[in-house]
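# Just need the structure, nothing else, for what follows:
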Amino acid sequence: MPRTSKAEAELASENPVLTARRSELDHFTVEFTDFHIDADGTPAFMGLPDDRCQCTHWGYVVAGEFTLRYADGDETYKEGDAYLARPGHVPVVTTGTQLVEFSPTEQLAKTIAVLEANMAAMGEQS
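Model prediction:
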């Protein structure tokens, strides 16, 4: 059975906003993300359909809290919450938030390509 841990996952991104570690488990990617500052993801998601993430994520808030902004309203999750992020969201996070998310690898790859290009254009290191 596939498995991973935060310590074993590959460092995928490290910049002033976040540190993300990822591992692929069959057709899913697990990501462990630590946010270093308060951040609104709106600029990073520009260029995706509706300028929002179109990937589904299942996750757990290890620490902190964050909000997913949808066209029809916001959903806020706090430490200890498990959640389902449906397509069409933009994350807004607070300093110290830690998440574990599971996402379909193929969908996530499309999103990451746009995020990395936007972060590079904004001068962030990945």
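
# Measure how far the host helix or strand of L115 is from the centre of its chain, please.
Assigned by DSSP states H and E, L115 falls within helix 105-121. Helix 105-121 has its C-alpha centroid displaced from the chain centroid by 11 Å (CA atoms, centre = their mean, to the nearest Å).

# Tell me the helices and strands packed up against that helix.
Secondary-structure packing of helix 105-121 (3 or more CB pairs under 8 Å, 6 or more residues apart in numbering; DSSP states H and E): strand 28-35. C-beta: built from backbone N, CA, C; applies to glycine.

# Neighbouring strands - and their directions - for the strand it packs on?
Take DSSP bridges as the rule and strand 28-35 pairs in its sheet with strand 18-25 (antiparallel), strand 98-104 (antiparallel).

# which stretch among the ones you listed comes nearest A63?
For these, proximity to A63 was assessed by CB to CB; strand 98-104 is nearest, at 4.3 Å.

# Next, the buried residues of that closest one.
Q98, L99, V100, E101, F102, S103 (16 or more other CB atoms under 10 Å).

# can you pull the contacts of the last one?
In this case it means S103. Listed by CB atoms under 8 Å, 6 or more residues apart in numbering, the contact partners of S103 are F28, T29, E31, C55, T56, H57, W58.

# swap in the fourth one?
By CB under 8 Å, 6+ apart, the contact set of E101 is V30, E31, T33, H57, W58, G59, Y60, A85.

# which regions of the chain lie under the pLDDT threshold?
Where the chain drops to pLDDT under 70, the residues are 1, 124-126.

# how does it look with 90?
Residue ranges of the chain with pLDDT under 90: 1-2, 119-120, 122-126.

# still on that earlier bit, for the contacts of S103, work out which two are farthest apart.
E31 and T56, at 13.2 Å, using CB to CB across the contacts of S103.
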